[in-house]
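Visitor: when you get a sec, could you give me coordinates for this:
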Amino acid sequence: MAIKNKHMKQKEIDNLIEKYMNGVSSGADEKKIKQYLSENSELSEEHQALKMMFDYYEAEQSISTELSIDDIVKSKYSVGKRLIVKILSVAAAVLLFVMLLLFQDNKPDKQIYAYINGKAITNKEIAVAETKKALLAVSNNFNVGSKNMLYLKKIDEVQSLIRNE
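Guide: As a prediction, the model looks like this:
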């Protein structure tokens, strides 16, 4: 009966460990695992590694420090260095603001509809007319090129007739 009870307990612990490793265990489950690992002197190799991990976590949780964030910040920078950093920060902000004011473009914004030969076209009618001319030129060039394709198509048909004979 004791062997069967030990086997059942071992199976239960293995299930709890699997839940723990999958990240779905509860705090009560983890307490059971810790209790099992601390009370049993004869652990399998896998359970010994787990015991070492739990012991490490326990040791890390017990470490505390008396330093606060303010103490760390104050010790890193002396008063003089902090003052210099503050002054430089304000100076950089003021310089940025002045540069934005100096380089601000005060010209009224005009809508640019197109660029022709590097010149900006702000008149909508001229831009539309020039666009139509360009599209017409492209269309004419396409039509000339596609006429030659008809000859190639006829040559292709003749060659396929010759191959089929």
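
Visitor: pLDDT score for the residue most central in space within the chain?
Guide: Nearest to the geometric centre of the chain sits Gly23, at 25.3 Å (C-alpha atoms, centre = their mean). The score at Gly23 is 87. That number is its pLDDT.

Visitor: and if you look at the one 5 residues further on?
Guide: Turning to Ala28, the model gives it a pLDDT of 90.

Visitor: Asn140 versus that one, what's the distance?
Guide: 84 Å (C-beta to C-beta, to the nearest Å). Where you see a C-beta, it was placed from the backbone N, CA and C, and this is true even at glycine.

Visitor: again with Ala114
Guide: 20 Å.

Visitor: just give me how far stretch 83-100 sits from the chain centre.
Guide: Averaging C-alpha positions (C-alpha atoms, centre = their mean, to the nearest Å) puts stretch 83-100 32 Å from its chain's average.

Visitor: packing partners for the single longest helix found in the chain?
Guide: Using DSSP state H, we find that the single longest helix of the chain is helix 124-164. With contacts taken as 3 or more C-beta pairs under 8 Å, 6 or more residues apart in numbering; DSSP states H and E, helix 124-164 sits against strand 114-116.

Visitor: where does the chain have low pLDDT?
Guide: Applying pLDDT under 70 to the chain picks out residues 1-8, 64-80, 105-109, 143-152, 165.

Visitor: domain map for it?
Guide: According to automatic domain parsing, the chain comprises the domains 2-62, 78-102, 114-164.

Visitor: give me the element the residue nearest to the centre of the chain is part of.
Guide: Under the criterion DSSP states H and E, no helix or strand holds Gly23.
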